[in-house]
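Participant: sequence unavailable; structure follows:
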Ligand code: DAH
């Protein structure tokens with residue numbers, strides 16, 4: 001029995017009598033939807049009307065009030081489900097509806113390729129005689145390319161940059177291929193020190209790595225400009241991690257660094273508290289806990305009270321009421337010295353945060369890999 005036939009029968013008729021059975025039935029249906037969508041966008045349509053018709057028929061098949069899969073499922077699986085199966089069937093049905101909405105049948109039209117246009121429809125001939133008008137119907141509409149959108153990580157990065165730009169910081173960059181000196185030694189992470197393991201990365205040769213954090217740009221900026229210094233450093237970083245829901249071998253950080261005379265921990269707390277309120281709303285509170293980083297002393301971790309539940313505990317904050325934001329601390333005197341700055345005259349604070357994590361928390365994205373797979377169905381939502 002194919003899935004279409006199954007949607008015309010009740011759960012009892014299908015012999016489904018436990019939650020697992022219901023879930024696999026719905027999974028089968030979602031898989032079918034994906035397959036049909038993939039099939040649709042893999043075959044070129046002959047013209048605009050044709051592709052609109054193809055899309056409409058797919059949409060009707062799934063969403064038509066009368067006889068569409070979703071309404072069949074509603075009638076036959078959901079309404080007739082027994083007491084114990086109702087909750088799971090209801091949940092699955094909602095998920096299916098969200099899923100169907102994500103398929104965005106209207107937008108699909110743009111995704112269906114068109115057969116190459118016959119020559120007389122192109123108004124201009126190739127570059128060699130550019131500008132020469134070839135006989136043909138000049139009133140034909142041009143090809144319209146679908147517009148993309150700003151990637152959620154870029155968007156997050158810009159939001160964070162805005163806040164610090166308003167505070168008078170400027171934006172600095174540095175190389176992604178970095179020497180072990182800047183990536184480790186200058187930051188007080190000597191060779192053979194066990195803490196180097198925390199930043200394990202890809203080596204190009206014994207003295208060159210893909211940078212593991214944006215912190216090396218702290219030293220580069222100190223050398224380049226000297227004090228006073230108020231900068232943030234956004235950029236890509238790399239680690240020797242296997243990809244899973246929370247890890248990816250490439251990710252994004254923003255580093256912050258403030259160096260001046262008489263900079264204290266109070267400046268650090270005040271600035272980061274202001275930053276959290278600007279980004280997550282006036283109501284959030286910040287929490288500073290002691291931590292360890294070789295390049296700061298003292299070091300801390302900053303958390304913000306959950307902006308979704310207000311600190312009561314929810315899915316986003318994993319019931320803790322707090323969301324970890326970043327590592328921070330007062331720049332270690334040795335690090336200042338390595339950057340050519342006199343620690344007796346100047347002091348500073350620094351922080352490092354993960355942009356990808358920020359975007360995931362903000363948009364409730366549960367798998368970091370989604371951010372880098374380039375799937376338009378995911379990216380279109382932002
Ligand atoms: N570089 C650290 C990391 O990647 C993050 C960090 C922590 C940066 C504290 C800092 C800092 O500037 O002060 O794990």
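Facilitator: Received, thanks. Predicted model only: the values in this text are computed from it and were never measured. Numbers count the residues shown, from 1 in each chain.

Participant: next, the residue in the chain positioned nearest to the ligand: secondary structure please.
Facilitator: Of all residues in the chain, residue 352 sits closest to the ligand, at 2.5 Å by Cβ to the nearest ligand atom. No exception for glycine: its C-beta is placed from N, CA and C like everyone else's. Classification of residue 352 using DSSP: H, G, I helix; E, B strand; the rest coil returns strand.

Participant: OK, contacts around it?
Facilitator: The neighbourhood of residue 352, defined by Cβ atoms under 8 Å, 6 or more residues apart in numbering, consists of 213, 214, 215, 253, 254, 255, 256, 326, 327, 328.

Participant: hang on, isn't the second one packed against residue 251?
Facilitator: So that's residue 214. No - Residue 214 is beyond contact range of residue 251, at 10.7 Å (criterion: Cβ atoms under 8 Å).

Participant: what is in contact with these two at once?
Facilitator: Shared contacts of residue 214 and residue 251 (Cβ under 8 Å, 6+ apart): residue 237.

Participant: these two: which has the busier surroundings?
Facilitator: residue 214 (26 against 20; other Cβ atoms under 10 Å).

Participant: quick one: contacts for the more buried one?
Facilitator: Counting by Cβ under 8 Å, 6+ apart, residue 214 has contacts 174, 233, 234, 235, 237, 253, 254, 255, 352.

Participant: write out the residues of the protein neighbouring the ligand.
Facilitator: Counting by Cβ under 6 Å from any ligand atom, the residues of the chain close to the ligand are 213, 215, 255, 293, 296, 327, 328, 329, 350, 351, 352.

Participant: please repeat the previous calculation with a cut-off of 5 Å.
Facilitator: Selection of the chain residues close to the ligand by Cβ under 5 Å from any ligand atom yields 213, 215, 293, 296, 327, 328, 329, 350, 352.

Participant: can you check these and name whichever has the most neighbours?
Facilitator: Highest neighbour count within the residues of the chain next to the ligand, by other Cβ under 10 Å: residue 215, with 29 neighbours.

Participant: what sits against the closest residue to it other than its chain neighbours?
Facilitator: Nearest residue to residue 215, sequence neighbours excluded (Cβ to Cβ, 6 or more residues apart in numbering): residue 187, at 5.5 Å. Contacts here follow Cβ under 8 Å, 6+ apart; on that basis residue 187 touches 215, 216, 218, 219, 294, 295, 335, 338.

Participant: which of the residues you listed ranks first by neighbour count?
Facilitator: Counting neighbours by other Cβ under 10 Å, residue 218 comes out on top of the contacts of residue 187 with 31 neighbours.

Participant: burial measure for the closest residue to that residue other than its chain neighbours, as a count.
Facilitator: Excluding the flanking residues, the one nearest residue 218 by Cβ to Cβ, 6+ apart is residue 257, at 5.1 Å. Using other Cβ under 10 Å, residue 257 has 25 neighbouring residues.

Participant: closest to residue 166 among the contacts of residue 214?
Facilitator: Closest approach between the contacts of residue 214 and residue 166, by Cβ to Cβ: residue 254, at 14.9 Å.

Participant: the closest one contacts residue 159, correct?
Facilitator: No - applying Cβ under 8 Å as the test, residue 254 and residue 159 come out as separate, 10.6 Å apart.

Participant: so for those two, which residue has more residues nearby?
Facilitator: residue 254 (22 against 15).

Participant: which ones are touching the closest residue to the more buried one other than its chain neighbours?
Facilitator: Nearest residue to residue 254, sequence neighbours excluded (Cβ to Cβ, 6+ apart): residue 234, at 4.6 Å. When contacts are counted by Cβ under 8 Å, 6+ apart, residue 234 touches 157, 160, 161, 171, 173, 214, 252, 253, 254, 255, 355.

Participant: switch these over to CSV; also include pLDDT and secondary structure.
Facilitator: As requested, those are exported to CSV (pLDDT from 0 to 100; DSSP: H, G, I helix; E, B strand; the rest coil):
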residue, pLDDT, secondary structure
157, 97, helix
160, 97, helix
161, 97, helix
171, 96, strand
173, 96, coil
214, 98, coil
252, 98, strand
253, 98, strand
254, 98, strand
255, 98, strand
355, 98, helix
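
Participant: out of these, which is most surrounded?
Facilitator: Of all the contacts of residue 234, residue 214 has the most neighbours under the rule other Cβ under 10 Å, reaching 26 neighbours.

Participant: burial of residue 27, as a residue count?
Facilitator: For residue 27, the neighbour count with other Cβ under 10 Å is 13.

Participant: list the helices and strands the lengthiest helix in the chain packs on?
Facilitator: In the chain, with assignment by DSSP state H, the single longest helix is helix 19-42. Judged by 3 or more Cβ pairs under 8 Å, 6 or more residues apart in numbering; DSSP states H and E, helix 19-42 is in contact with helix 3-6, helix 48-63, helix 69-73, helix 86-103, helix 105-111.

Participant: next, format those helices as CSV and append mean pLDDT and mean neighbour count.
Facilitator: Listed next are the helices and strands packed on helix 19-42 as CSV, based on pLDDT from 0 to 100; neighbours: other Cβ atoms under 10 Å:
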stretch, mean pLDDT, mean neighbour count
helix 3-6, 84, 14
helix 48-63, 79, 16
helix 69-73, 88, 19
helix 86-103, 84, 16
helix 105-111, 72, 16
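
Participant: can I get these in JSON lines including distance to residue 17?
Facilitator: Below are those laid out as JSON lines (distance: least, Cβ to Cβ, whole Å):
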{"stretch": "helix 3-6", "distance to residue 17": "15"}
{"stretch": "helix 48-63", "distance to residue 17": "26"}
{"stretch": "helix 69-73", "distance to residue 17": "17"}
{"stretch": "helix 86-103", "distance to residue 17": "12"}
{"stretch": "helix 105-111", "distance to residue 17": "33"}
